[in-house]
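Q: got a predicted structure here, sequence first:
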Amino acid sequence: MSLDLVIRPAGRADLPAVLALYAQPDFDAGQVLDLPAAERLFDRFAAYPNYVLYVALQGEAVVGTFALLVMDNLGHRGTPSAVMEDVVVAQAAQGSGVGRAMVAQAIALCRDKGCYKLALSSNLRRERAHAFYEALGFERHGYSYRILL
């Protein structure tokens, strides 16, 4: 089966489809921003020089999304690092290679920017996602901490 996938930076017009992906039960289970709030936050992305929301399209349909932040560092001799967040694939497209293509795109973007690492985090309950990331070569590394505010 041909994937016929295009991965590109998202535009404001893509936000309803992105919010629908986030609303899936295995991601944010319907607990998503309303469109005006999402548009305001999307507009703030422009303030960050290397923070981009991407969409994966099959034809006209948005079937996946992820955000990628490439950060400059003073440590690591100034070598940038990257964080991939909010990785989600439409339920109907899961297992078809969309997630794999999105991660490959993120890795290529990070290599092009000279990053020394690409990090991501995943909710503890998302065991299928953990297995997916490990199958792509990601390693569990260190600990993740948070404070709920």
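A: Great, that's in hand.
Q: how would you label A29: helix, strand or coil?
A: Following DSSP: H, G, I helix; E, B strand; the rest coil, the label given to A29 is coil.
Q: if you skip the residues just before and after it, what's nearest to it?
A: A23 (7.4 Å; C-beta to C-beta, 6 or more residues apart in numbering). Every C-beta, even on glycine, is put in place using the N, C-alpha and C of the backbone.
Q: separation between the one you found and P16?
A: Note on A23: its distance to P16, by C-beta to C-beta, to the nearest Å, is 11 Å.
Q: between these two, tell me which one has more neighbours.
A: Using other C-beta atoms under 10 Å as the criterion, A23 and P16 rank with A23 on top: 14 against 11.
Q: ok, that one touching L33?
A: No. Here A23 does not reach L33: they are 10.1 Å apart, not a contact under C-beta atoms under 8 Å.
Q: now A108: which helix or strand?
A: Per DSSP states H and E, A108 falls inside helix 98-112.
Q: contact partners of the following helix or strand past that helix?
A: Note on helix 98-112: by DSSP H and E, the next helix or strand toward the C-terminus is strand 118-120. Residues from elsewhere that reach strand 118-120, judged by C-beta atoms under 8 Å, 6 or more residues apart in numbering: 81-85, 87, 106-107, 110, 133, 138, 141.
Q: so which residues of the protein form helices?
A: For the chain, helices defined by DSSP state H occupy the ranges 15-22, 35-44, 98-112, 127-135.
Q: ok, which of these comes nearest V62?
A: For V62, the closest of those is helix 15-22, at 3.6 Å, according to C-beta to C-beta.
Q: tell me how many other residues surround A29.
A: Neighbours around A29, by other C-beta under 10 Å: 10.
Q: now do the contacts for I7.
A: 54-57, 64, 101-102, 105.
Q: same thing but at 6 Å, please
A: Shown in contact with I7 (C-beta atoms under 6 Å, 6 or more residues apart in numbering): 54, 56, 105.
Q: so where's the protein uncertain?
A: 1-2, 28 (pLDDT under 70).
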